[in-house]
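# Just to be clear, the model below is a prediction. Sequence and coordinates:
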Amino acid sequence: MAAAKKIPSWIKLLLKLAVTVFSLWYVSNKTDWGKSLITIKQADIWWLAIATVLFTASKIVSSFRLNVYFSNINLRLSQKANLKLYWLGMFYNLFLPGGIGGDAYKVILLNKTYQQPAKLLTAAVLLDRISGVTGLGILAAVYYYFVFDGGNYSLPLVAGILPGLFIYYLLTRKFFPSFIKSFWPALWMGLAVQGLQILCAYSIMQCLHLYEHSTEYILIFLLSSIVAILPFTIGGLGARELVFLWGSTQFVLNNEESVSISLLFYLITVLISMIGVYWVYKNPLKAEIK
């Protein structure tokens, strides 16, 4: 049987654009954007600056985590070069979702520069992503427990964290034996990354003068981060806003304030990711090539 043809990149881009536009349209029908803009205009600039610093720190720690996986396959990449490559990947992931993604570009460039097997490079990038999602899942389960005060199936959800980690460890050892020694360091760094982003979200709430329901907002934020990873929208835009809108309905929160948190986090992401545009025109690994 002939192999199925891959969906062209431009069709994927159109589909993502359609989902993004539909999501924003739906949120617009449920939200007074004028009130959201008023909320954002009244933001405390200093808390916004702190949120930006915390988000940047989370990405730096995340780049260290990826380099840990690279070291497992004897890819000795300086942290400086790795950080440049990571930032370039952030830019591609956010601004070129329909073509070559940031993760794929990193694999291609590293394969070309160091002649490392693409399979191992892909595994390193994939495990880096999985460790990030694992950290998100753990913290979301913990916040879910506190939001529902042990009810609504939150206790078995938290109790399942350790067994889930054990299964994750066994699967890593079976299918990715080359990376097993980085399992725990990557897990702790993944939790640190998400912890910094939680602090970023807290800072955004302070920036917007939202002092109540912080636990509920953080749970919504974590769930929106999980959804935003799914490759259905452009850079997570629209997906996060949908989750915040849903969460505000579930917990009887203010729609406009909820969406404002999401929008500010997205704008911070865009601002910091724009740094990577410099490395589009300058090879981030040039100094490493000897």
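Yes, it's here. Numbering: from 1, shown residues only.
# So which bits of the helix or strand Trp87 falls within are buried?
In the assignment (DSSP states H and E), Trp87 maps to helix 79-95. Buried residues in helix 79-95, counting neighbours by 16 or more other Cβ atoms under 10 Å, are found at 81-95. Where you see a C-beta, it was placed from the backbone N, CA and C, and this is true even at glycine.
# ok, so of those residues, who is nearest Val125?
Nearest to Val125 among those is Gly89, at 8.8 Å by Cβ to Cβ.
# I figured that closest one hits Gly102, correct?
Yes - under the contact definition of Cβ atoms under 8 Å, Gly89 touches Gly102, with a separation of 3.1 Å.
# what ranges do the helices span in the stretch 1-150 of the chain?
Ranges of helices in the stretch 1-150 of the chain, per DSSP state H, counting those that start in this stretch, are 9-30, 33-41, 45-72, 79-95, 102-114, 118-147.
# Below-threshold pLDDT in this structure: ranges please.
Across the chain, the ranges flagged by pLDDT under 70 are 1-10, 12-13, 33, 96-100, 231, 233-236, 287-290.
# Kindly indicate which of the buried residues of helix 79-95 lies nearest Leu121.
Of the buried residues of helix 79-95, the one sitting nearest to Leu121 (Cβ to Cβ) turns out to be Leu85, at 11.5 Å.
# Please name the spatially closest residue to the closest one (chain neighbours excluded).
Ranked by Cβ to Cβ, 6 or more residues apart in numbering and with sequence neighbours excluded, the top spatial neighbour of Leu85 is Pro284, at 4.6 Å.
# check which helix or strand covers Ile226.
helix 214-229.
# That helix: which residues count as buried?
In helix 214-229, counting by 16+ other Cβ under 10 Å, buried: Glu216, Tyr217, Ile218, Leu219, Ile220, Phe221, Leu222, Leu223, Ser224, Ser225, Val227, Ala228.
# Same question for stretch 72-80.
Per 16+ other Cβ under 10 Å, stretch 72-80 contains these buried residues: Asn72, Ile73, Leu75, Leu77.
# what's near enough to touch Ser131?
Arg65, Ala186, Leu187, Met189, Gly190 (Cβ atoms under 8 Å, 6 or more residues apart in numbering).
# Check these and tell me the two furthest apart.
In terms of Cβ to Cβ, those reach their longest pairwise distance at Arg65 and Leu187, which sit 9.3 Å apart.
# Let's see which of the contacts of Ser131 end up in strands.
Residues of the contacts of Ser131 located in strands (DSSP state E): none.
# mind putting the residues you listed in CSV, neighbour count and distance to Ile50 included?
Listed next are the contacts of Ser131 as CSV, based on neighbours: other Cβ atoms under 10 Å; distance: Cβ to Cβ, whole Å:
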residue, neighbour count, distance to Ile50
Arg65, 24, 23
Ala186, 25, 27
Leu187, 18, 27
Met189, 22, 22
Gly190, 25, 22
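# so which of those comes closest to Thr39?
Distances from Thr39 to the contacts of Ser131, taken by Cβ to Cβ, are shortest for Gly190, at 31.5 Å.
# rewinding a little: checking the residue nearest to Leu85 next. Helix, strand or coil?
Here Pro284 is recorded as coil under DSSP: H, G, I helix; E, B strand; the rest coil.
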